[in-house]
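A.B. asks: everything below, folded, please.
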Amino acid sequence: MKAVIAEIITIGDEILYGQIVDTNSAWLGTELTNIGIKVKQITSVSDDAAHIVSALDEASNRADIILITGGLGPTKDDLTKHVLADYFHTTLKLHEPSLTDIAVIFERRGIELTELNRQQAFLPESCKPVRNVLGTAPGMWFEREGKVYVSMPGVPFEMKRMMTDIVLPNLKVSFKTPEIMHKVIQTTGIAESILADKLEDWETNLPPHIKLAYLPHLSGVRLRLTGTGDDAAILEKELQAEVTKLATIIPKYIFAFGEVSLEEAVGSLLKEQNLTIATAESCTGGYLAHKFTSVPGSSAYFIGSIIAYHNEVKIRELNVDPETLQQQGAVSEACVREMAENVRRKFGTSIGVATSGIAGPDGGTPEKPVGTIWIAYADEHKTIARQLNYNKTRLLNIEFTALVVLNLIRQSLNTTVEE
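C.D. replies: I've put the predicted structure just below:
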């Protein structure tokens with residue numbers, strides 16, 4: 001079956017100036033993929049007629065579906081509707097149902113309908129109007145030479161409602177699309193290049209209709225398998241078979257399947273094993289506790305935290321031995337071991353974890369430069385400490401530290417880490 005290709009064109013100087021972030025394209029890409037339509041290109045253009053026309057011409061040569069967002073407002077810089085009227089050799093005409101919708105919105109808001117807003121109900125005669133129940137800018141559906149062009153507002157909640165209610169259902173009717181399925185495998189604790197080496201043979205032997213993508217992020221590498229075919233049941237079976245093979249190659253690096261964060265995966269392990277945890281944080285300043293509490297239902301296992309940023313707090317609240325701090329310093333294995341063990345005792349939890357380090361940009365020494373960080377994990381059987389050495393910005397040092405602690409917890413609960 002021939003692939004159905006879409007392109008997305010976003011219009012607006014505010015996107016190019018960096019004044020707003022284009023979240024529309026990411027959402028559109030997801031929704032189109034879900035119905036078997038592949039997005040091949042996303043283009044952002046300025047509020048300039050010639051630039052818009054050029055983008056339309058180029059997209060028409062490559063895609064079956066061209067989705068356009070932005071430029072449908074009532075002001076002079078909103079050119080999209082006029083450019084499309086010229087592009088499709090038609091004229092603007094009042095669309096009474098759209099005018100009624102606009103009038104109702106203004107009446108509901110208690111605002112007088114202006115002539116500028118009334119002009120939004122004038123649409124190109126050759127288009128099929130796409131109703132906008134949430135705003136004053138109707139969408140437009142054009143067809144030419146077997147291709148579909150849809151223009152929608154740039155306001156995300158208006159565009160999403162139009163796509164969900166009207167555009168996506170009509171695209172499914174207009175185009176016969178193949179099945180496109182994804183399987184996501186979340187990994188952590190391994191660099192992308194090393195992961196690629198381990199998976200080289202398996203990846204090389206994937207069926208031609210199944211592709212692998214490496215998607216690195218802070219907590220690790222997200223692997224995405226994408227399969228294309230005519231039969232959904234067969235495709236699901238093929239993808240799952242490849243996921244099963246993958247799990248035997250890198251078992252200790254996989255923390256979840258699907259769209260699951262590392263903190264969610266660790267929380268699930270704690271709940272499954274009926275364990276509780278507390279944190280003692282210095283350099284991370286509560287960020288690790290934030291990662292735990294960002295997960296709904298974390299009160300089942302996360303008990304509390306002590307942010308022992310100052311040494312006096314380490315001594316007073318965590319019973320860290322003053323001699324440890326004097327002789328070895330706060331950024332040391334001995335200190336984080338005591339912090340992790342003592343926060344566990346203080347809160348009566350199954351597990352205690354601790355962080356202490358030099359996040360930067362200042363505070364480093366030749367012996368302990370910026371990015372020197374110690375972490376520890378303690379339970380009733382063992383205490384594990386690790387030294388980390390980062391050369392990143394302050395915030396990244398904090399974020400990476402929290403993620404490494406989460407992975408240490410995960411590994412410890414899976415009994416893959418030795419003291």
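
A.B. asks: from here on, contacts and neighbour counts on C-alpha atoms
C.D. replies: OK.

A.B. asks: can you name the residues in contact with the longest helix seen in the chain?
C.D. replies: Longest helix of the chain, by residue count under DSSP state H: helix 394-413. If you take C-alpha atoms under 8 Å, 6 or more residues apart in numbering as the criterion, helix 394-413 is touched by 188-189, 218-219, 252, 255, 262-263, 265-266, 269, 283-284, 287-288, 291, 353, 355, 359-361, 371, 373, 375-377, 388, 390-391, 417.

A.B. asks: try 7 Å this time
C.D. replies: Helix 394-413 has contacts (C-alpha atoms under 7 Å, 6 or more residues apart in numbering) with 218-219, 263, 266, 283-284, 287-288, 359-361, 371, 375, 390, 417.

A.B. asks: buried residues in that helix?
C.D. replies: The neighbour-count check on helix 394-413 (16 or more other C-alpha atoms under 10 Å) flags 394, 397-412 as buried.

A.B. asks: gap between the residue in the chain sticking out farthest from the centre and G329?
C.D. replies: What lies farthest from the middle of the chain is E323; by C-alpha atoms, centre = their mean that is 45.4 Å. Distance of E323 to G329, computed by C-alpha to C-alpha, to the nearest Å: 9 Å.

A.B. asks: hmm, back to that, confirm that the residue farthest from the centre of the chain sits in a strand.
C.D. replies: No. Assessed with DSSP: H, G, I helix; E, B strand; the rest coil, E323 is helix; it does not lie in a strand.

A.B. asks: skip ahead from the host helix or strand of L215 and say which helix or strand is next.
C.D. replies: Element membership of L215, judged by DSSP states H and E, is strand 210-217. For strand 210-217, the following helix or strand on the C-terminal side (DSSP H and E) is strand 220-229.

A.B. asks: next, the angle strand 220-229 makes with the helix or strand that that following strand is followed by.
C.D. replies: Next in sequence after strand 220-229, counting helices and strands by DSSP H and E, comes helix 232-249. Put simply, helix 232-249 runs at 150 degrees to strand 220-229, going by axes from the mean of the first three to the mean of the last three C-alpha atoms, to 10 degrees.

A.B. asks: packing partners for the next helix or strand after helix 232-249?
C.D. replies: Next helix or strand after helix 232-249 toward the C-terminus (DSSP H and E): strand 254-257. On a contact count with 3 or more C-alpha pairs under 7 Å, 6 or more residues apart in numbering; DSSP states H and E, strand 254-257 meets strand 179-187, helix 262-272.

A.B. asks: contacts for the helix or strand that the last one is followed by, please.
C.D. replies: By that I understand helix 262-272. Sequence-wise, the next helix or strand downstream of helix 262-272 (DSSP H and E) is strand 277-281. Strand 277-281 is contacted by residues 289, 301-308, 339-340, 343-344, 347, 349-356 when judged by C-alpha under 7 Å, 6+ apart.

A.B. asks: same question, stretch 57-74
C.D. replies: By C-alpha under 7 Å, 6+ apart, the list of residues contacting stretch 57-74 reads 4-12, 78-81, 116-117, 120, 137, 147-154.

A.B. asks: so what's the gap between that stretch and the chain middle?
C.D. replies: Relative to its chain's centre, stretch 57-74 lies at 25 Å (C-alpha atoms, centre = their mean, to the nearest Å).

A.B. asks: quick check: buried residues in that stretch?
C.D. replies: For stretch 57-74, burial by neighbour count (16+ other C-alpha under 10 Å) applies to 59-60, 63-74.

A.B. asks: helices - which of the residues you listed land there?
C.D. replies: 59-60.

A.B. asks: of the buried residues of stretch 57-74, which is the nearest to T248?
C.D. replies: T248 has its nearest neighbour among those in A63, at 39.5 Å by C-alpha to C-alpha.

A.B. asks: quick one, phi psi at that closest one?
C.D. replies: phi -120, psi 160 (degrees, to the nearest 10).

A.B. asks: where's it relative to N389, distance?
C.D. replies: For A63, the distance to N389 equals 48 Å [C-alpha to C-alpha].

A.B. asks: give me the buried positions along the helix or strand bottoming out on mean pLDDT in the chain.
C.D. replies: None of the helices or strands of the chain scores lower by mean pLDDT, DSSP states H and E than helix 115-118, at a mean of 88. Of all the residues in helix 115-118, those buried under the rule 16+ other C-alpha under 10 Å are 117-118.

A.B. asks: same question, stretch 36-45
C.D. replies: Neighbour-count burial for stretch 36-45 flags 36-39, 42, 44-45 (criterion: 16+ other C-alpha under 10 Å).

A.B. asks: go on, stretch 221-237?
C.D. replies: Across stretch 221-237, burial judged by 16+ other C-alpha under 10 Å covers 221-229, 235-236.

A.B. asks: now the residues you listed in JSON lines, with distance to E96?
C.D. replies: Converted to JSON lines, the buried residues of stretch 221-237 look like this (distance: C-alpha to C-alpha, whole Å):
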{"residue": "V221", "distance to E96": "52"}
{"residue": "R222", "distance to E96": "49"}
{"residue": "L223", "distance to E96": "50"}
{"residue": "R224", "distance to E96": "47"}
{"residue": "L225", "distance to E96": "48"}
{"residue": "T226", "distance to E96": "45"}
{"residue": "G227", "distance to E96": "45"}
{"residue": "T228", "distance to E96": "43"}
{"residue": "G229", "distance to E96": "44"}
{"residue": "L235", "distance to E96": "47"}
{"residue": "E236", "distance to E96": "47"}
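
A.B. asks: identify, from these, the entry nearest to A334.
C.D. replies: Distance to A334, by C-alpha to C-alpha, is smallest for V221 among these, at 32.0 Å.

A.B. asks: for the closest one, give me the pLDDT.
C.D. replies: Here the pLDDT value assigned to V221 is 96.

A.B. asks: kindly report the same for T416.
C.D. replies: T416 is assigned 43 on the pLDDT scale.

A.B. asks: the contacts of helix 394-413 in helices, which ones?
C.D. replies: Per DSSP H, the contacts of helix 394-413 map to helices at 263, 266, 287-288.

A.B. asks: biggest separation within these, which pair?
C.D. replies: Largest separation among the ones in helices among the contacts of helix 394-413 by C-alpha to C-alpha: V266 and Y287, giving 15.5 Å.
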